[in-house]
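A.B. asks: this is a predicted model, with the sequence first.
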Amino acid sequence: AGALAAKVLSERGFAVRLYEAYPHPGDAKAASEKSKAYTISVSPRGQLALRRCGVDPLKDLDAGVVNEALVRHSNSSNGKPSVTKLKAEEGSVVIRRRDLAASLLRAAEEAGAEVHCGWRVHDVDFERREVKLTEGKDAGANAKTVGYDLLVGADGVRSQVRNRLSN
């Protein structure tokens, strides 16, 4: 969500700095490290939303595969699954999370966003309009504080931005 927001805001003339927690997924070092290959299924609605933001999942995203059928497993005694062939516009695009992230980060950079990978939100001071970031996973690691005019909190399920907003 952060990379896509950075792309769209950059295209609309905003100066955008994106701080991504993970190493850039397109970097050779990050790609060679052993990690779980989570896949994401982008539904037709999600594909439409991406297209409206200028990203075509079938043309612009690396290594996406269209799901051409829907399999439903049965609880009946014969236990045979039913298979329904889907029309092209009904199929989901299945893509590795790392490939999706790399494609969206690349699109944000091409749109003019300044992308900094490997930095995590540690704290937010809303009164001063500052975010404290740490490099890597260690909270005691290299740290820096950056100011902002608008803060978009797309920092995930354990969001520091959300935590600070709710306190």
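C.D. replies: Thanks, I have the structure now.
A.B. asks: residue 58 should be in a strand, yeah?
C.D. replies: No: per DSSP: H, G, I helix; E, B strand; the rest coil, residue 58 lies outside any strand segment and is coil.
A.B. asks: I figured it hits residue 91, correct?
C.D. replies: No: here residue 58 does not reach residue 91: they are 9.9 Å apart, not a contact under Cβ atoms under 8 Å. Just so you know, the C-beta spots here come from the backbone N, C-alpha and C atoms, and that holds for glycine as well.
A.B. asks: so which of these two has more stuff around it?
C.D. replies: residue 91 (21 against 15; other Cβ atoms under 10 Å).
A.B. asks: so that one is in contact with residue 66, correct?
C.D. replies: Yes: with contact defined as Cβ under 8 Å, residue 91 and residue 66 form a contacting pair (4.6 Å).
A.B. asks: which residues in this protein form helices?
C.D. replies: 2-11, 28-32, 44-52, 97-110, 160-166 (DSSP state H).
A.B. asks: the residue nearest to residue 150 when sequence neighbours are not counted: neighbour count?
C.D. replies: Closest residue to residue 150 apart from its sequence neighbours, by Cβ to Cβ, 6 or more residues apart in numbering: residue 14 at 7.9 Å. Residue 14: 13 surrounding residues under other Cβ under 10 Å.
A.B. asks: now do the phi/psi pair for residue 14.
C.D. replies: Per-residue torsions, residue 14: phi -80, psi 150 (degrees, to the nearest 10).
A.B. asks: repeat that for the one 10 residues further on.
C.D. replies: Backbone geometry at residue 24, expressed as degrees, to the nearest 10, gives phi -60, psi 120.
A.B. asks: check contacts around it.
C.D. replies: 30, 102, 105, 115, 117-118 (Cβ atoms under 8 Å, 6 or more residues apart in numbering).
A.B. asks: neighbour-wise, which of the residues you listed leads?
C.D. replies: residue 105 (24 neighbours).
A.B. asks: isn't that one right next to residue 22, touching?
C.D. replies: No: using Cβ under 8 Å, residue 105 makes no contact with residue 22, being 9.7 Å away.
A.B. asks: which residues are in contact with both of those two?
C.D. replies: Counting by Cβ under 8 Å, 6+ apart, the residues touching both residue 105 and residue 22 are residue 117.
A.B. asks: looking at the protein, which helix or strand does the model trust least?
C.D. replies: Every helix and strand in the chain was compared by mean pLDDT, DSSP states H and E; the lowest is helix 28-32, with a mean of 56.
A.B. asks: least confident of the helices of the chain, on average?
C.D. replies: Lowest mean pLDDT of the helices of the chain: helix 28-32, a mean of 56.
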